[in-house]
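> Predicted model and sequence follow; I will ask about them next.
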Amino acid sequence: MLKLRMSVLFGVLFSCAAAPGNELRPERTTFPTEDGVTIVADYYPPANRAGAPVVILLHMFRSDRGAWRPLVPGLHEGGFAVLAIDLRGHGESIKPSSMKLARRAIARDEQLFNEMYRDVLGAYVWLMDRPEVDLSRICMVGASVGCSVALDYASRDRSVDAIVCLTPGERYLGVGSTVDIVEVGQRAMLLLATEGERQAIDALSKLNPIAQARVVGQGVVHGTHMFGKIGGIESEVIAFLRMNTRGDGSESVAAAVDGQVYFAVGSAADIKLAPGKRRLFSSPTEARARGLTGPDSPLDGRMIDTADRREDLPREELQPGVDRTPRPGSKRD
C-alpha cells in the first residue's frame, strides 16, 4: 500500500500511477533507432527510483508490448525498471510509413526481423537518460522471435547480464540463434518451453552449456501465452533475473561496445566515448569474464567517480586506450 501511495505522489514526475485493480500504468514513450524507425514502448519506473536494474521485454510475432502485462507487476515489485517495446512493424512501431514496416512484418520479411536488434539498441540509448536506472545491471526477456532478437542483441553487446527465452527457436523468421547463443558466452541464460516445443531448447543448450533449459509443462503453450497457464512461470522468470543482476558491490567500469579494454567510470577514456557506444559492467571481474582486459583496479587503484571529471590527469592515467577491433568471428566483423 505504501508503494502504491508513493507511486501516485510521484505520478507527475514518472507518469506511472496505480490504476484501478492495483494495475501499474506505464509511461508511454517513443525513441528513434539508428536507421530511422520510431519505436513505441511502455516504461515502468522502478519503485525505489535509484540505481535499479533494468529489463527489456521483447514480444512474439504478430504481438505487441501489451503481452507482457502479466509479468510486469512482479518485475516492478522485484525492484526492476521495465521497458516493454513494440518491435518494428508491430503494435504502434510502424513509422515512418515510407518503410512499410507493418506490411513487411505480415509478409515475414526476414530482413525486417534481422534488423530488430536495432530496436533494442534504441531502447538502450533511451535508458541512458534515465537517472534511476543502473545500466551495469541489464537483462532481457524474449518470447518466440523476441528470443531470437534478444540473443542477437546480446551477441553484440557484452554488457547484457541475463536473458530469459520463452519458447526460443533455432531460426525464427530468418533470425538464426545457433551462432548467437555461442557468442553470448558465459552469461546467464534460461530457456523455457513446454514439452511439445522442447526440441529447440534442447538443441540450443547443447551449443552453450551455460544456458539452462527447462521443460515447464505439457503440450504446446507458446511464448507469452504461458502466463496464467503454466503455474509459477512468472515467479521463475523474476527469480532468475534477480539472481543474475545483483552485482558484487564493486565499482562499475566502462568500455566501448566494440572495444576490448575497460577503464574507470569517469576517466578521460570514459568521457571520450560517444553515448551510444558506452557500456557499463558492474565490476572489473564481470568485464574480464566477458572477454575484456584491464587492471584489477583501474587508474592505479583509484576509481574515479563520474562527478570527478578531471582534465589534468597524468598522461599515463589516460590509458589504456580502446581497441575497437571486432572479435574474430563475431557479427561485428
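Cool, the structure landed. Numbers count the residues shown, from 1 in each chain.

> For the stretch 1-150 of the chain, which segments count as helices?
Under the criterion DSSP state H, counting those that start in this stretch, helices of the stretch 1-150 of the chain are mapped to 2-9, 11-14, 72-77, 101-106, 110-114, 117-127, 145-156.

> Count the residues that sit near C147.
Counted with other C-beta atoms under 10 Å, the neighbours of C147 add up to 34. The way it works is simple: take the backbone N, C-alpha and C, and place the C-beta from them, glycine included.

> was I right about it contacting E170?
No. With contacts counted by C-beta atoms under 8 Å, C147 stays clear of E170, the gap being 10.5 Å.

> picking that back up, pick the most buried one from the helices of the stretch 1-150 of the chain.
Mean neighbour count (mean count of other C-beta atoms under 10 Å) peaks for helix 145-156 among these, with a mean of 28.

> which neighbours do C147 and E170 share?
S177 (C-beta atoms under 8 Å, 6 or more residues apart in numbering).

> Sticking with R288, tell me its helix or strand.
According to DSSP states H and E, R288 maps onto helix 284-289.

> How about exporting that helix as PDB, limited to the C-alpha atoms?
What follows is helix 284-289, C-alpha atoms only, in PDB (Å, rounded to 0.1, in the frame of the first residue of the first chain):
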ATOM      1  CA  PRO A 284      36.300  -5.400 -13.300                       C
ATOM      2  CA  THR A 285      35.700  -9.100 -12.600                       C
ATOM      3  CA  GLU A 286      32.500  -9.100 -14.700                       C
ATOM      4  CA  ALA A 287      34.200  -7.200 -17.500                       C
ATOM      5  CA  ARG A 288      37.100  -9.700 -17.600                       C
ATOM      6  CA  ALA A 289      34.600 -12.600 -17.600                       C
END
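
> could you say what helices and strands that helix packs with?
strand 253-256 (3 or more C-beta pairs under 8 Å, 6 or more residues apart in numbering; DSSP states H and E).

> Give the closest residue to V54 in space, chain neighbours not counted.
A81 (4.3 Å; C-beta to C-beta, 6 or more residues apart in numbering).

> Spit out the contact partners of the one you found.
Applying C-beta under 8 Å, 6+ apart to A81 gives the contacts 43-46, 52-55, 127, 130, 132-133.

> filter the residues you listed to the buried ones?
Buried members of the contacts of A81, scored by 16 or more other C-beta atoms under 10 Å, are 43-46, 52-55, 127, 130, 132-133.

> residues touching Q186, list them.
Counting by C-beta under 8 Å, 6+ apart, Q186 makes contact with 210, 289-290.

> which one of those residues has the most neighbours?
Per-residue neighbour counts (other C-beta under 10 Å) across these peak at R290, which has 18 neighbours.

> Find the nearest non-adjacent residue to it, please.
R158 (4.2 Å).

> ok, V221 touching L192?
No. Applying C-beta under 8 Å, one finds V221 not in contact with L192, separated by 10.2 Å.

> When these two are compared, which one has more neighbours?
Of the pair V221 and L192, L192 is the one with more neighbours under other C-beta under 10 Å, namely 27 against 22.

> Let me know the secondary structure of that one.
Judged by DSSP: H, G, I helix; E, B strand; the rest coil, the three-state class of L192 is strand.

> That one and D64, how far apart?
21 Å (C-beta to C-beta, to the nearest Å).

> Test my guess that S282 contacts S252.
Yes. At 5.6 Å, S282 and S252 qualify as touching, with contact defined as C-beta under 8 Å.

> what's the overlap in contacts for the two?
When contacts are counted by C-beta under 8 Å, 6+ apart, S282 and S252 have S136 as shared neighbours.

> Please report the distance of E197 from V216.
Remark: distance between E197 and V216 (C-beta to C-beta) = 10 Å.

> what does H76 give?
Separation of H76 from V216 (C-beta to C-beta) stands at 23 Å.

> What of V160?
According to C-beta to C-beta, V160 stands 23 Å off from V216.

> Which one of these two is surrounded by more residues?
Remark: of V160 and V216, V160 carries more neighbours, 23 against 20, as counted by other C-beta under 10 Å.

> Many thanks, we can stop here.
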